[in-house]
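A.B. asks: how would this look folded up:
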Amino acid sequence: MRELDRIADQIKRAHEGGAWHGPSVSEALNGVSAQRAAGRPISGAHSIWELALHIAAWRHIATLRLAGQPVLTPPEGAWPAVPGADEAAWDDARALVELRYRELVTAVRGFDDQQLDSPLAEGFSSAYVTLHGIIHHDLYHAGQISLLKKS
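C.D. replies: So this is what the prediction gives:
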């Protein structure tokens, strides 16, 4: 099995489920209403909605970097603004998380294993570090979402 296939599998587990650590991003977001997603049960903490948009934004960054674009921050911002608190907007946010996941997996599957240890651009991490970083990033925030759901 190619190393990139293994990495794509870990990205899939972090997003869809089947990881040994606990809930994936999708599992953490499952059953969350727009009202709950926009809520702030912990003063000073990000909302579930903000975390979802943040996950999508940084998946987008990883995809762009794999495509050779040396972008520092997501075009939509590291913490995109929540557009509203209705169910339709929340459905759009969850659809964006899913879209950015699919785009990232497609980019990973099309990447060259021989390039894994090379920096994605001058001054940037390697593809290997970037991809493992996005997996860790997703799981970190899935844990936060899980805690917020219990608050």
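A.B. asks: Report pLDDT for the spatially most central residue of the chain.
C.D. replies: Nearest to the geometric centre of the chain sits I55, at 3.4 Å (CA atoms, centre = their mean). For I55, the model assigns a pLDDT of 98.
A.B. asks: and if you look at S151?
C.D. replies: Here the pLDDT value assigned to S151 is 84.
A.B. asks: Nearest residue to it in space, ignoring adjacent ones along the chain?
C.D. replies: Once flanking residues are discounted, S151 sits nearest to P41: 3.5 Å by CB to CB, 6 or more residues apart in numbering. All C-beta spots, glycine's among them, are computed from the backbone N, C-alpha and C.
A.B. asks: Would you mind confirming that that neighbour is in contact with L147?
C.D. replies: No. Here P41 does not reach L147: they are 9.3 Å apart, not a contact under CB atoms under 8 Å.
A.B. asks: Could you pull up the contacting residues of S126?
C.D. replies: S126 is in contact with L116, D117, S118, P119, L120, counting by CB atoms under 8 Å, 6 or more residues apart in numbering.
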